[in-house]
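A.B. asks: sequence and predicted structure are below.
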Amino acid sequence: MPNNEQIKPAAFCPGCGHTIILRSLYRVLQNQELTGRAVIGLDIGCSLLAYDMLPINTFQTHHGRPVPTMVGFRRARKDTLAIVYAGDGGAYSIGLQSLLWAARRNEPILVIVVNNTVYGMTGGQTAPTSLRGQVTDTAPGGHDETPILGPELIRSLNERAYIARTAVNEPANLAIHIEKAIKNALAGNFSLVEILSYCPTNWRTKGGETDKHLNGLKSVFKTGEIL
Amino acid sequence: MKKNKEFISGYDVVVRAAKDAGAVSMYSYPITPGTEILSSWIRAAMKDGQMKYLQTEDEIAAGFAVAGAVLAGEKSFTATAGPGTILMQDALSMAEAMRLPFVAVIVQRGGPSSGTVIYSQQELVLATHGGNGEGMRLVYSPSNLTELYQMTRQAFNDAAKYRFPAIILTDGYLVKTKQVVERFAKIKNIPAPKIVPEKGHVNLRNIYTFEKELHTKIIEAKKDFDAASKKISKSETYLVKDADLILIAHGIVGRAVRDAVDELRARGRRVGMWRPLTLAPLDVRGFEKVRSAKNFLVIESSAGQLADLLRSRISDCPDFSGYFRPALGIEAEEIVQFVMKKYAK
């Protein structure tokens, strides 16, 4: 079990999925005695709020830039478990070019993409993962494109990559995919886990509606290992 | 040739200096006229397994990979030019904010946009103040290959010591030229700081909740920058003692101005040169050596970026005239002609 005294209170909105993901990640790192080797490069977006939550090396980068930053870090320090922690906007929109190339070059980093289908930090604008018809701050009449499927897109670029999609409301699967992804990254391969996550603030949902909304996303974003 | 004397190209000088400075990795994207630095580094890496490199997908990735490497405690650098210098601002501004010993060689080409591919001095503002911050960067401007070597070494050391991004601002003429380098400066290396420790942990911020927090951070950095400025800023004077006209130039144009001074002296003109070796921080105290001159002429391959920099930095700045040739190379002869006409006896 994590030593909860070492984990600082989360700075995220009430009901946000980030807290669950970060605690789960930390538990896996503890179980595998990797807290000393893990270094997390954070995207700017809601992810940035994770910067001092966990008692491990972390730093904030720029929006869309944690992937190339961790590529440089990992190439400099090869015993590091280099983790990118980004949102769907940082990973699949502004940072997509670097993400594709890191995958293609099989950079041995672990990329965690938190997908809540919106730009959370800036107030609920359209994300690359927004659903067709989704009403957002920048698509008040409903978004007219289909969402990008990041893991499926990356799959074709790298046979050795471990790529999976899971969800915050499946904690056991979440931990298993993170474990497998870590193992693959430590073996020298690119790994990516996309995690469908809650954003009640921007979804404007309450209680059970939030979980129901998340489960609804799974009909578009298929969970499990992407083969 | 003596052992310490060599006929060598500018890009090989950069590679040699970076390697001698302890740089382990280079991240870069091909762009004329900076490309040869990357290809020269890679050629050297073919013979030296310790040298790492990656041709990245763009200059943004190159910059952030350098940032990541220096966070991990490795000496690393990039080289870029023109449109690449624009993209590089993203990482440079992070380096300024997080006090990363980031080193970039900027090989100026013509602008705006894709402009021309070999030469200009139009990236001075981008180099000194291209980010969304306060321009706390160290910018060196060499005029020949001996200086290119020495300043590249100095950039790595100053970046490591003072923790500000350091830029060697040069151009395609200098980097593509071959010259005899008389002396490769002997400089003791300052080790790279381990910013992210291997034992224990840090949580490094780059964004702040409260304006007051950021303000405090900037004021601290500015204090450090101003203290470092006294040690880093340098300028050169040439035949200024009795000069009533001071020619001011930086980088490769400084070389032409020096020749022009000799020629004008031969023609009986009391002319001297003041040349900033660092553009940021600027050697404002060094300028005092020439302040008493009657006339000042700024000569540059831009429409006045150096002149503007001087005006903004030098207090009670005297009036400058300009010989501004944006995007063009400047030769000693044309300087002589311009001065003879403008300052007729």
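C.D. replies: Received, thanks.

A.B. asks: quick check: which element contains whichever residue of the stretch 1-150 of chain B sits closest to chain A?
C.D. replies: Distances between the stretch 1-150 of chain B and chain A by CB to the nearest CB are smallest at residue B:68, namely 2.9 Å. The C-beta positions use only the backbone N, C-alpha and C, and glycine is treated the same way. Following DSSP states H and E, one finds residue B:68 within helix B:59-71.

A.B. asks: and residue B:78, by the same measure?
C.D. replies: strand B:76-80.

A.B. asks: same check on residue B:258?
C.D. replies: Going by DSSP H and E, residue B:258 is part of helix B:252-266.

A.B. asks: chain B contacts on chain A?
C.D. replies: A:36, A:39, A:41, A:44, A:48, A:51-52, A:55-62, A:65, A:67-77, A:80, A:97-98, A:100-101 (CB under 8 Å from any CB of the partner chain).

A.B. asks: residues touching the residue lying farthest from the centre of chain A, list them.
C.D. replies: Using CA atoms, centre = their mean, the residue of chain A lying farthest from its centre is residue A:141. It sits 27.9 Å away. Counting by CB atoms under 8 Å, 6 or more residues apart in numbering or on different chains, residue A:141 touches residue A:135.

A.B. asks: what's the spacing between it and residue A:129?
C.D. replies: 19 Å (CB to CB, to the nearest Å).

A.B. asks: C-terminal to the biggest helix by length in chain B, what's the next element?
C.D. replies: As assigned by DSSP state H, the longest helix anywhere in chain B is helix B:211-232. Downstream of helix B:211-232, the first helix or strand assigned by DSSP H and E is strand B:235-238.

A.B. asks: right, and chain B sits closest to which residue of chain A?
C.D. replies: Nearest residue of chain A to chain B: residue A:72, at 2.9 Å (CB to the nearest CB).

A.B. asks: and that residue, which helix or strand is it part of?
C.D. replies: Secondary structure assignment for residue A:72, by DSSP H and E: helix A:66-76.

A.B. asks: okay, the angle between that helix and strand B:76-80?
C.D. replies: Counting by axes from the mean of the first three to the mean of the last three CA atoms, to 10 degrees, helix A:66-76 lies at 130 degrees to strand B:76-80.

A.B. asks: please save the CA atoms from helix A:66-76 in CSV.
C.D. replies: C-alpha atoms of helix A:66-76 as CSV (Å, rounded to 0.1, in the frame of the first residue of the first chain):
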residue,chain,number,x,y,z
PRO,A,66,7.0,16.5,-22.2
VAL,A,67,7.6,13.8,-24.9
PRO,A,68,10.8,15.4,-26.4
THR,A,69,11.9,16.5,-23.0
MET,A,70,11.7,13.0,-21.6
VAL,A,71,13.4,11.6,-24.8
GLY,A,72,16.4,13.8,-24.0
PHE,A,73,16.3,12.9,-20.3
ARG,A,74,16.1,9.2,-20.9
ARG,A,75,18.9,9.3,-23.5
ALA,A,76,21.1,11.2,-21.0
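
A.B. asks: give me the angle between that helix and helix B:59-71.
C.D. replies: 50 degrees.

A.B. asks: hang on, residue B:164 packs against residue B:97?
C.D. replies: No. The criterion here is CB atoms under 8 Å, and residue B:164 misses it with residue B:97 at 10.8 Å.

A.B. asks: for the residue nearest to residue B:48 when sequence neighbours are not counted, list the residues it contacts.
C.D. replies: Distances taken as CB to CB, 6 or more residues apart in numbering or on different chains place residue B:19 nearest to residue B:48, at 8.0 Å, with adjacent residues excluded. Contacts for residue B:19 (CB under 8 Å, 6+ apart) come out as B:44, B:48, B:51.

A.B. asks: show me the contacts for the residue of the stretch 1-150 of chain B closest to chain A.
C.D. replies: Residues in contact with residue B:68 (CB under 8 Å, 6+ apart) are A:41, A:68, A:69, A:70, A:71, A:72, A:73, A:74, A:75, A:76.

A.B. asks: which bits of chain B sit near chain A?
C.D. replies: Close to chain A, as judged by CB under 8 Å from any CB, chain B has residues B:24-25, B:27, B:52, B:54, B:56-58, B:60-74, B:76, B:90-91, B:94, B:98, B:196-199, B:201-207.

A.B. asks: domain-wise, how is chain B divided?
C.D. replies: When chain B is parsed with automatic domain parsing, its domains come out as B:6-232, B:235-342.

A.B. asks: per-residue confidence at residue A:200?
C.D. replies: pLDDT for residue A:200: 97.

A.B. asks: residue contacts, it?
C.D. replies: Residue A:200 sits next to A:13, A:14, A:15, A:16, A:206, A:210 when contact means CB under 8 Å, 6+ apart.

A.B. asks: let's see 6 Å
C.D. replies: By CB atoms under 6 Å, 6 or more residues apart in numbering or on different chains, the residues touching residue A:200 are A:15, A:210.

A.B. asks: can you check the one 5 residues further on too?
C.D. replies: Residue A:205 sits next to residue A:213 when contact means CB under 6 Å, 6+ apart.

A.B. asks: and residue B:296, helix, strand or coil?
C.D. replies: With DSSP: H, G, I helix; E, B strand; the rest coil as the basis, residue B:296 sits in strand.

A.B. asks: re the thing from before, shared neighbours, residue B:164 and residue B:97?
C.D. replies: With CB under 6 Å, 6+ apart, residue B:164 and residue B:97 have no common neighbours.

A.B. asks: at which residues are the helices of the chain located?
C.D. replies: In the absence of a named chain, this looks at chain A. Using DSSP H, the helices of chain A run over A:18-31, A:66-76, A:88-89, A:96-104, A:150-155, A:171-186, A:200-203, A:208-217.

A.B. asks: not quite, go with chain B.
C.D. replies: All helices of chain B, identified by DSSP H, fall at B:10-20, B:35-47, B:59-71, B:83-98, B:124-129, B:145-162, B:172-176, B:211-232, B:252-266, B:284-287, B:305-313, B:332-342.

A.B. asks: need those helices in JSON lines (columns: mean pLDDT and distance to residue B:108).
C.D. replies: Shown next, in JSON lines, are the helices of chain B (pLDDT from 0 to 100; distance: least, CB to CB, whole Å):
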{"stretch": "helix B:10-20", "mean pLDDT": "97", "distance to residue B:108": "13"}
{"stretch": "helix B:35-47", "mean pLDDT": "98", "distance to residue B:108": "13"}
{"stretch": "helix B:59-71", "mean pLDDT": "98", "distance to residue B:108": "15"}
{"stretch": "helix B:83-98", "mean pLDDT": "98", "distance to residue B:108": "8"}
{"stretch": "helix B:124-129", "mean pLDDT": "98", "distance to residue B:108": "8"}
{"stretch": "helix B:145-162", "mean pLDDT": "97", "distance to residue B:108": "13"}
{"stretch": "helix B:172-176", "mean pLDDT": "98", "distance to residue B:108": "7"}
{"stretch": "helix B:211-232", "mean pLDDT": "97", "distance to residue B:108": "21"}
{"stretch": "helix B:252-266", "mean pLDDT": "98", "distance to residue B:108": "10"}
{"stretch": "helix B:284-287", "mean pLDDT": "98", "distance to residue B:108": "23"}
{"stretch": "helix B:305-313", "mean pLDDT": "97", "distance to residue B:108": "11"}
{"stretch": "helix B:332-342", "mean pLDDT": "98", "distance to residue B:108": "19"}
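
A.B. asks: quick one: residues contacting residue A:73.
C.D. replies: With CB under 6 Å, 6+ apart, residue A:73 has these contacts: A:82, B:68, B:71, B:72.

A.B. asks: what of residue B:174?
C.D. replies: B:10, B:252.

A.B. asks: report the separation between it and residue A:112.
C.D. replies: Here residue B:174 is placed at a distance of 45 Å from residue A:112 (CB to CB).

A.B. asks: which one of the domains of chain B is the most hemmed in?
C.D. replies: Greatest average neighbour count among the domains of chain B goes to domain B:6-232 (a mean of 21), per mean count of other CB atoms under 10 Å in any protein chain shown.
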